[in-house]
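1. Output the structure for:
(2 chains, ligands or ions: 2)
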Amino acid sequence: MEELDKSCEYLSGVCPVWCPGCGYYGILSALVEAFADLKLPTKELTLVSGIGCSSRLPYFVKAYGFHSIHGRGLPIAQGVKTANPELTVLAVGGDGDGLAIGGGHLPHVARNNVDITYLLFNNAIYGMTKGQFSPTTTLYPVTKTSPFGLAGEAINPSALAIVYGATFVARGFSVKKEHLKELIIQGIHHRGFSFIEVLASCSSFNTTDMNVARIVKNLEMIPEDHNPEDAIEALRLAADQEKIRLGVFVRHQRPTLGDKFQEMRRKAKGKGAGNMEALLGQFA
Amino acid sequence: MQSDLVLRVAGESGEGVITIGETLCKIAAREGIHIVTFRTFPAEIKGGSCMIQVRLSERRIPYHGEGVDFLICLNQDAVDENLPDLKEHGVLLCEAECDLPEKNPGWTVYKAPFDRIATREIGSRISKNIVVLGALSHLLSLPKETIEKFISEKFARKGKTVLDHNLDALQRGFDFARSHLAKKDSYRLPKGSGRKRLLMTGNEAIAIGATAAGMRYFFGYPITPASEIMEWLAAHLPKMGGMVLQTEDEISAICSVAGASWAGGKSMTSTSGPGLSLMSETIGLLSMAEIPAVIVDSQRGGPSTGMPTKTEQSDLLLALYGSHGDATRVVMAPTSVSDSLRVTALAFAVAEKYQLPVIMLVDQALSARLETVDRETVERLPQGSRSCASPADGAPFVRYQLGASAVSPAALPGTQGGEHMVTGMEHDERGNFACDEETHTAMTVKRFRKLAAIESDPLVAEFCTRLGDENSEIGIVTWGSSAGPVEEALAVAKGMGISAQAIIPRILNPLPHQELKTFFGKVKRVIVPELNFVGQLATLLRSTYRIPTIGLTKVKGVPLDPSEIVEKIVEAESTLNARSTRAYGRAG
Ligand SMILES: Cc1ncc(C[n+]2csc(CCOP(=O)(O)OP(=O)(O)O)c2C)c(N)n1
Ligand code: SF4
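-> Numbering: from 1, shown residues only, chains lettered A, B, ... in the order given. Ligands and ions are numbered 1, 2, ... in the order given. As a prediction, the model looks like this:
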């Protein structure tokens, strides 16, 4: 009961606008419970999102929230973290938001190892716009914009993030709330870019791909002895077609964008004093 | 002695043409001479013709000069292309082998075997430009020691052999000129005040202005002709504790700016037309979420990829209206290099104070041109800051308060009790999405009230200037770098006994209505010179003030010439005198 009270402190009081049965409710509660466990001060918590049902999440959380434009949550979060490294920065968005329109940003935030945590809500459909296929739609090929089937193959978000060089890659499931909460805690703890794919069903427009019974039947936890520094093995697990693997695929350390900035500042200062007078000197 | 000298160096890209021009500029700036340059860039990476024109003067000059006094040509193509611009009694210094036209209107010609001296005597073809500098130091009586010092500074890092080659080249050029080229003309460097001036390009001035304004986070994507802004900042901003990040595209750049700015850091991006097009959606977000940002667009020939190395002023309508919905933004346009310094600082002051995006338009010619800047300019820059709240504990923070002031105080992330939403959706005072009739109207009005407040802010008062004879009935309205040729044209017309006046707003949105209305009340003709095809400023003025305008547009990729403007002034004057029944000039 006390636990519940603590996580409630992270709710803004704005009532979620999601459909009954939407998988996103589970993600929201795992998220606020993770915040409560971490005892994060709300004033330092920032949530950035793009556009989509998933991107509505920041309204429901007590934090500094930025609901932006379709596909652009990641670069905005990168800017926030750059200007104020003290903040705990999270980005959230859908599979269309992050892999279609905003798909060009993911490789760069990953390679820059920006110290933020990104939750990609994978419901394999465009929910907000009411049922067009997304880059991850697979088992439900006949959508409103694909009445005769899908033209392209689906993208595997976690596999992609591993290949892009994200330093923390995990997959969770909205129904397995405790497990998801643990992943989020680990993601926030991780210094660097944390990518968490969260499987969630869209109760209104695609109950096939993320069908709870199907996932429960096929899921398998990543073995305890998996070495998260072994990216090749991680990729094999993430790309597994037979089983839906949940857990941490990849975790390793390398300097973050913030670390690189520090290093660059140090090098630059060796090349000249940091004041206007000195800068103007080169034009005299 | 003349007070003004227009000198042009022309050759093939890679021949060191620009080095010659820049060295002359540096020497002159140290003497306290005023300088404005213009340079062309070949469209190719290597090869192709290029030139730099340097105008040197005892007094402040607005423009790089029309017609050349002293022309230096490194090859035959350069002679063929540039000789038509040499004035009647001008001087030509060229490679010995160049053929010249038979008819000579009175030019003084000096020929020297620069190529041979460089290849045979020095054994280094690339030192040809330094040989030319040596000859010039004799012909223009430049202080040779100062040139030697520059060469030493420039080549010291390349090792002793290279440095010695170049010093040798300078000496040989000088010696050749002294023994073979007896001075037959009277051109010299104008007299300097002795007060050293700073010498920088438009792009450098923007970078300096931003740094001085406290900008510490820059995100950008390379594009001609704006890249130098990012490159300069990448080298120097980290010294000031700031950071530059080259992003994956312009959308990422402007979004990163949005994030950094929301978090409280003064942030900016710079780009050219193609990048500004990509940024349109985010400009709407900045407007809606009320987040400060400075976006510099160095315009080039468009549309699409257009002419990357050529100048144009054709992004005004994009800057004014780009992005869907009623998206508020401020649009500014400096006129010169030192103006770029001040207007960049103003852009930050206004963006921060009014929490909205500011687009600053410059153009390729202004970005690339070298100009002398007074040091005091940097010390007296406009300042403004973001109004931040101290939220009361307990009560939810009201980010978008509707009230007496057009600006509602922000709470930066990290502030105790200031948790709130910012959003691109229409929202209520707390930032929660709302799409009822009253809210959308009230919030739209809130955002537009800021524009009205800017118009009357004393901060912007000095950023609209009047030139010429305030009683004249012939008026000119222009913007950006076209102001230089206009100022020059007013002087030429005055010399011809024709009076005219001009008004030059640095802020194009919101327009300075008071000043413009007063101006239009006085003049009977309105000429609008600008570098685009449709007359973008003229369109804006006609639709805003319902006045007929006389368009003067040009899309050749180069700046306006004062003579083109003088011609329009003369034309307008004749229609005035004829008391034509057609009340105004044709709308262009
Ligand atoms: C530039 C732009 N294009 C299109 C849209 C319309 N749009 C809004 S949300 C969305 C897709 C949402 O799908 P997804 O990102 O998977 O999120 P979900 O709603 O499923 O959570 C689209 C296409 C938009 N808002 N902006
Ligand atoms: S449309 Fe789908 S994703 Fe959107 S709220 Fe409803 S169930 Fe959730």
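2. got a list of what whatever residue of the stretch 351-500 of chain B ends up closest to ligand 1 touches?
-> The nearest approach of the stretch 351-500 of chain B to ligand 1 comes at B:G424, 9.1 Å away (C-beta to the nearest ligand atom). To be clear about C-beta, it is placed using only N, CA and C from the backbone, and glycine gets the same treatment. Neighbouring residues of B:G424 by C-beta atoms under 8 Å, 6 or more residues apart in numbering or on different chains: A:I51, A:H67, A:S68, A:I69, B:G284, B:L285, B:M288, B:A289.
3. how about the helices in the stretch 301-450 of chain B?
-> B:316-321, B:337-354, B:364-368, B:375-379, B:437-455 (DSSP state H, counting those that start in this stretch).
4. If you count neighbours, what's buried in the last one?
-> Residues of helix B:437-455 classed as buried under the neighbour-count rule (16 or more other C-beta atoms under 10 Å in any protein chain shown) are B:T439, B:M443, B:K446, B:R447, B:R449, B:K450, B:L451, B:I454, B:E455.
5. Just the residues contacting that helix, thanks.
-> B:287-288, B:290, B:326, B:328, B:330, B:350, B:354-356, B:400, B:402, B:406-408, B:426-428, B:434, B:460, B:507, B:509-514.
6. Please name every helix or strand in contact with the very next helix or strand once past it.
-> Next in sequence after helix B:437-455, counting helices and strands by DSSP states H and E, comes strand B:464-468. Judged by 3 or more C-beta pairs under 8 Å, 6 or more residues apart in numbering or on different chains; DSSP states H and E, the packing partners of strand B:464-468 are helix B:483-495, strand B:501-505, helix B:513-522.
7. The second one pairs with which strands, and in what direction?
-> This means strand B:501-505. strand B:464-468 (antiparallel), strand B:474-477 (parallel) (DSSP bridges).
8. pLDDT averaged over the first one - what is it?
-> Per-residue pLDDT values over strand B:464-468 give a mean of 97.
9. Show me how far it is from its chain's centre.
-> When C-alpha coordinates are averaged (C-alpha atoms, centre = their mean, to the nearest Å), strand B:464-468 and its chain have centres 18 Å apart.
10. Now tabulate the helices of the stretch 301-450 of chain B in a markdown table and tack on mean pLDDT and distance to B:G302.
-> Below are the helices of the stretch 301-450 of chain B laid out as a markdown table (pLDDT from 0 to 100; distance: least, C-beta to C-beta, whole Å):
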| stretch | mean pLDDT | distance to B:G302 |
| --- | --- | --- |
| helix B:316-321 | 98 | 9 |
| helix B:337-354 | 98 | 21 |
| helix B:364-368 | 98 | 11 |
| helix B:375-379 | 93 | 31 |
| helix B:437-455 | 97 | 26 |
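11. Redo those helices as a markdown table? Include distance to ligand 1.
-> Compiled in a markdown table, the helices of the stretch 301-450 of chain B are given as follows (distance: least, C-beta to the nearest ligand atom, whole Å):
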| stretch | distance to ligand 1 |
| --- | --- |
| helix B:316-321 | 18 |
| helix B:337-354 | 24 |
| helix B:364-368 | 30 |
| helix B:375-379 | 41 |
| helix B:437-455 | 17 |
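12. Check A:E3 and give its pLDDT.
-> Value listed for A:E3 in the pLDDT field: 62.
13. Would you mind splitting chain A into its domains for me?
-> A:2-253, A:256-284 (automatic domain parsing).
14. Out of those domains, which is the most enclosed?
-> domain A:2-253 (a mean of 21; mean count of other C-beta atoms under 10 Å in any protein chain shown).
15. Let me know whether it sits next to chain B.
-> Yes - Domain A:2-253 reaches chain B (C-beta under 8 Å from any C-beta of the partner chain) through A:12, A:14, A:42-46, A:48, A:51, A:58-59, A:62-69, A:72, A:75-84, A:86-87, A:104-105, A:107-108, A:112.
16. Contacting ligand 1 as well, which ones from the residues you listed?
-> With C-beta under 6 Å from any ligand atom as the criterion, the residues of domain A:2-253 next to chain B include A:I51 near ligand 1.
17. taking the residues of domain A:2-253 next to chain B one by one, which sit in strands?
-> For these, membership in strands holds for A:L45, A:T46, A:V48, A:Y64, A:G65, A:F66, A:H67, with DSSP state E as the criterion.
18. Can you lay out those residues as CSV showing pLDDT?
-> As requested, those are exported to CSV (pLDDT from 0 to 100):
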residue, pLDDT
A:L45, 98
A:T46, 98
A:V48, 98
A:Y64, 98
A:G65, 98
A:F66, 98
A:H67, 98
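19. can you put these in CSV and add distance to B:L163?
-> Below are these laid out as CSV (distance: C-beta to C-beta, whole Å):
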residue, distance to B:L163
A:L45, 58
A:T46, 54
A:V48, 53
A:Y64, 56
A:G65, 60
A:F66, 55
A:H67, 59
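20. what's the closest of these to A:Q241?
-> A:V48 (32.7 Å; C-beta to C-beta).
21. what's the closest of the helices and strands packed on strand B:464-468 to ligand 2?
-> helix B:513-522 (46.7 Å).
22. The helix or strand following the closest one packs against which elements?
-> As assigned by DSSP H and E, the chain's next helix or strand after helix B:513-522 is strand B:525-530. Applying 3+ C-beta pairs under 8 Å, 6+ apart, one finds that strand B:525-530 makes contact with strand B:474-477, helix B:536-545, strand B:550-553, helix B:562-577.
23. Kindly recompute the last result at 10 Å.
-> The contact analysis (3 or more C-beta pairs under 10 Å, 6 or more residues apart in numbering or on different chains; DSSP states H and E) places strand B:525-530 against strand B:474-477, helix B:483-495, strand B:501-505, helix B:536-545, strand B:550-553, helix B:562-577.
24. quick one: low-confidence ranges for chain B?
-> By pLDDT under 70, the weakly predicted segments of chain B are B:1-2, B:579-588.
25. let me redo that: chain A
-> A:1-4.
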